[in-house]
Each structure stands twice: as C-alpha cells, then as structure tokens.
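Novice: let's see this in three dimensions:
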Amino acid sequence: MRSSVLFAVLPLLHNFSRYYESRARNRDQNKRESIMNVVERIRQSHDSLTVTEQAAADFILGHLTDALISNSAELSQLSDVSQPTLSRLFRKLGYKNAREFRRDVRRYHQPGAPEVGAPDPASGNFANDLLGRDIKSLNRTYNRISDGQIATLAAHILDARTVAILGLRNNYPMALHLREQLIQSRSNVTMLPQPGQSLAEEIVDLGGQDLAILFGVRRRTSTFATIAQELHRQGVPMIMIGDSTLRHTAQSCDAIFLEADVSVHILTSFTAAFSLVALLADAVATRAQTAGHGEVGRFAGLVELEGEGLGDSGFEELGDGQPAERSGEAEARRTETESAAEGRIERINRGFAQLDELERGALRR
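Specialist: Below is the predicted model:
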C-alpha cells in the first residue's frame, strides 16, 4: 500500500519540481529583461528624442549612479536640463514618473559598478572616442566652477598653517600629485597618513588654522567618511574633490566641494579630476607670485640630488657659475642619497601596510 502511494506521489513531486524550476527560470528571464530595460529603452528611443532630451539621456547612461541617488532637481542640475525636460524624457521612455524610472535603474545598476557609456556606436578609433568623452567631462566639470571660487580656494590653500592631503586607493596618485605641486609654492604640505603613523596621530593637532584636502573619486572605504567627520569635529576647514556621490558627505562636513565629472566607458577616466588638481596648483602658484610669496620657485637654484656623475674634469658647474663638489665628495653624496631613497621606499611600504590594516578594521566594523 505504502509503495503504491509512493509511486503515485513521485510523478507529482517531479511535476511540481519541474513547475517551480520553470517559474524560477521565467523569473530569471524577466529579471534579465528588466536589467537591460532602462539602457535598451534609451538606446532604442535615442534618435526620436529632442536635442535636450538626448543630452539628458546621454548623461544618464554615463552617470547611472547619479540617476540612482539623485532626486529630479539634482539630476536636472547635473545634466544641465530642466525638470520638465526630464519628465518628458521619462514618459517617452515608457515610465510613468521619476520613481518608476529610478526603480528600473536600481534593477540594472549598483553604485560602484562601471557605467555603460554613451549610446553612440564606437567609431573604432579609441583615441578619438576617449578624447570626446573626456572633453564632455571637462566641460561639465568647469561649467560648475568660477574664477572667484578658485581664487578663494587658492587663498585658503596659501594662507593655511598646514595643508594635509588625503587620497586612498585610486585617489592616492591625485593627492600625491597635488602635494608635489603645492610644495613648490608653500611649505607644510603633508600627506595623510604619514608612513608608519596612524591617522589619529596625524590629524590630532589639526585645527581651524589648517586645511584638509580630501580626494574621493569613485570607490571609497568607510575610513574616508570617518576621517572627514573627525576633521569636521575638530573644526578643520576642508576641500573635497570627487564625483557626484561625494556631494552628500561634503555637505554634512561643511566642506567646499569640487565635483569632477568622471568619464566612463568600461573603466573610469580621471582626466577631469587631475585637471582640477592642475587648476588648484596653478591658481595657488599664481597667487603666490602675485603676492610676492617667498616660497615660489624656492627649488629652482638647487642642484638636482639625483644628478648624473661628474664629467671627465671631475668638476661640474652650478647654475650661478660657482664650482661644485669634487668627484669624491659627489660620490659620497650620491651614496647618501641612495640610502635615503631606500629608507623612503621602506617607509612607503609600511604606509601601504598600515592602510591595508585600516581597511580591514573598517570591514570588521
């Protein structure tokens, strides 16, 4: 009896299993269709849109994170089109309202993932395609700033007692480049954290007379927000350079925010962010020269410590025509420089190890 019941039930169980597997496959298929929905709608409708609607659609495709986290007013400001234009765009794409549009974007895109780029087909010329995207990013970035704002920032940078610069992960090269440029115009420009030191030790003495410049383009660790909040608590004025996702953090810390409109194809181009670095450094140097600041060009008269060996005569000439050291002294100096460089590399390695430790601690929290 039990065997007959079991044999009768087994086919039903198998059918139920196939039924639920089929439903699961259908759900996955519907999800995949929904995932491509927002991008495909924009690309399929692109030619039928007006010029301003196309500009908004291009911006959305290249800035899906902005479209996801911004309200209609913010998205209107970012894309340089009016809110009624955005509303018409959403309706032409088949959405009832902005909320339904953002819900579809959320199904497709997660913050931190690569954006999808513009709908225009690639020309096959990588250089021209990249140049075009970067020109658009630079235009959007510079349209948000004014000469008066940059002049004010240059004054803050030049007048601060200490300028502390922070850049983690991909932001480190930009932070380091700004530091190397600023030290040609002023002293007391430091990187956070210093090799072998903790962040707490580096920022504990900063206050209202100092200035912190924080880079937060794209991916940021939780440590970034913690540092910014602590600097704000200590009353340290801040400048933040980053993409639109950093805007809320900057506002919560009363920081001056310079938004870099990053260009994205498959990977992110940081051209606009590096351009802001060059803009700040040049503005500081120009102000320093105009004010007769004694730091400008202070390295110009120094011999390069990494200079090549002496000529056959055993002597080399300095810029002012005075004789330089003899070959034996120069060799000793070169040896000392190489030892200092090795020590610096060791300190940098310790700094990277410390950053890794900080990130692991943030993840554990």
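
Novice: C-alpha from now on. contacts and neighbour counts both.
Specialist: Fine.

Novice: so Leu75 touches Ala67, yeah?
Specialist: Yes - assessed by C-alpha atoms under 8 Å, Leu75 is found in contact with Ala67 at 6.4 Å.

Novice: can you give me the strands for the stretch 201-350 of the chain?
Specialist: In the stretch 201-350 of the chain, the segments counted as strands under DSSP state E, counting those that start in this stretch are 211-216, 238-242, 256-259, 263-264, 268-269.

Novice: could I get those in a markdown table, plus columns for distance to Arg99 and mean pLDDT?
Specialist: Shown next, in a markdown table, are the strands of the stretch 201-350 of the chain (distance: least, C-alpha to C-alpha, whole Å; pLDDT from 0 to 100):
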| stretch | distance to Arg99 | mean pLDDT |
| --- | --- | --- |
| strand 211-216 | 28 | 93 |
| strand 238-242 | 26 | 93 |
| strand 256-259 | 25 | 90 |
| strand 263-264 | 25 | 72 |
| strand 268-269 | 27 | 79 |
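
Novice: quick one: closest of those strands to Glu40.
Specialist: Glu40 lies closest to strand 263-264 among these, at 18.1 Å (C-alpha to C-alpha).

Novice: show me the domain layout of this protein.
Specialist: Segmentation of the chain into domains, based on automatic domain parsing, reads 12-121, 137-290, 301-365.

Novice: ok, of those domains, where does mean pLDDT dip lowest?
Specialist: Here the domains of the chain differ in mean pLDDT, and the lowest is domain 301-365 at a mean of 57.

Novice: and Met191, what is it in contact with?
Specialist: 164-166, 175-176, 179 (C-alpha atoms under 8 Å, 6 or more residues apart in numbering).

Novice: export those residues to a markdown table and tack on distance to Lys136?
Specialist: Below are the contacts of Met191 laid out as a markdown table (distance: C-alpha to C-alpha, whole Å):
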| residue | distance to Lys136 |
| --- | --- |
| Ala164 | 31 |
| Ile165 | 28 |
| Leu166 | 27 |
| Ala175 | 23 |
| Leu176 | 26 |
| Arg179 | 27 |
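
Novice: just those residues: which are in strands?
Specialist: Of the contacts of Met191, the ones assigned to strands by DSSP state E are 164-166.

Novice: now, which of those sits nearest Ser79?
Specialist: Among those, and counting by C-alpha to C-alpha, the member closest to Ser79 is Leu166, at 28.9 Å.

Novice: who does that closest one bridge with?
Specialist: Beta-bridge pairing for Leu166 (DSSP bridges): Leu192, Leu214.

Novice: run a quick neighbour tally on it.
Specialist: 23 (other C-alpha atoms under 10 Å).

Novice: out of the strands of the stretch 201-350 of the chain, which comes closest to Asn71?
Specialist: Closest among these, using C-alpha to C-alpha: strand 256-259, at 17.3 Å.

Novice: what residues does the closest one touch?
Specialist: Strand 256-259 is touched from outside by 141, 144-145, 238-244, 247, 250-251, with contacts defined as C-alpha under 8 Å, 6+ apart.

Novice: check stretch 208-216 too.
Specialist: Stretch 208-216 has contacts (C-alpha under 8 Å, 6+ apart) with 156-157, 160-168, 171-172, 174-175, 224, 231, 234-243, 246.
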